[in-house]
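Peer 1: following is a predicted model, sequence given first.
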Amino acid sequence: MDFLVISGAPSTGKTTAINRIAEWVSNRGNILSDTQGNPLPTFLPNAEDKYDDISIVVIYQGRKIIIHSATDDKDWMDKLIELLGNNLDADIIITSCRDINWERDYFTAHIRPLATFFLEVPLGKITRTNVQNSNAAHTWYSNILLALHQHILSNTPYNL
């Protein structure tokens, strides 16, 4: 299993980044449902302009991809562990991890050992005192991250 892990402190954009990656993958492959036949979520911000956590398994170009955005607590990480156990033939896992503390320790002990390849992309906080500059900085950050993630996922070992 080749892992791409988006990591960082709370509210750094991990869920946003993973939803944007999921939208890109699903649009590239015209994926309409998960492996259980359920329609995919929209991967767009909700009514509060926030991204919802997702946990899906899709097939893209004959490869099984798990996209699981939330690893904020033990329950979410255990759901990922169960998903991995039920999909031992998964090729690519796109998920998140906190930067420090017990959450990272739990992830490192229980999830990371399942990886044959593990690449972690750390995120940082964007801070601006001016609201207009803050919105522009967040947009820039989100777009640059998506371009970086697209580049990473388009190349070895992921080759999407």
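Peer 2: In hand now; what should we look at?

Peer 1: tell me what the longest helix along the chain is packed against?
Peer 2: With DSSP state H applied, the helix covering the greatest number of residues in the chain is identified as helix 131-154. Helix 131-154 sits against strand 2-8, helix 14-29, strand 117-122, with contacts defined as 3 or more CB pairs under 8 Å, 6 or more residues apart in numbering; DSSP states H and E. Where you see a C-beta, it was placed from the backbone N, CA and C, and this is true even at glycine.

Peer 1: that helix: how far from the chain's middle?
Peer 2: Averaged C-alpha coordinates place helix 131-154 at 14 Å from its chain's average position (CA atoms, centre = their mean, to the nearest Å).

Peer 1: ok, and the closest non-adjacent residue to the residue nearest the centre of the chain?
Peer 2: Residue closest to the average C-alpha location in the chain (CA atoms, centre = their mean): Ile18, at 3.3 Å. Distances taken as CB to CB, 6 or more residues apart in numbering place Ser69 nearest to Ile18, at 4.1 Å, with adjacent residues excluded.

Peer 1: low-scoring stretches of the chain, by residue?
Peer 2: Under the criterion of pLDDT under 70, none of the chain is flagged as low confidence.

Peer 1: do you know how far Pro45 is from Asp2?
Peer 2: To Asp2, Pro45 is 28 Å away according to CB to CB, to the nearest Å.

Peer 1: and if you look at Glu23?
Peer 2: According to CB to CB, Glu23 and Asp2 sit 20 Å apart.

Peer 1: follow-up on the earlier one: out of the helices and strands packed on helix 131-154, which comes closest to Ile92?
Peer 2: Proximity of the helices and strands packed on helix 131-154 to Ile92 was assessed by CB to CB; the nearest stretch is strand 2-8, lying at 5.2 Å.

Peer 1: now for that closest one, which elements pack on it?
Peer 2: Contact here means 3+ CB pairs under 8 Å, 6+ apart; on that basis strand 2-8 packs against helix 14-29, strand 92-98, strand 117-122, helix 131-154.
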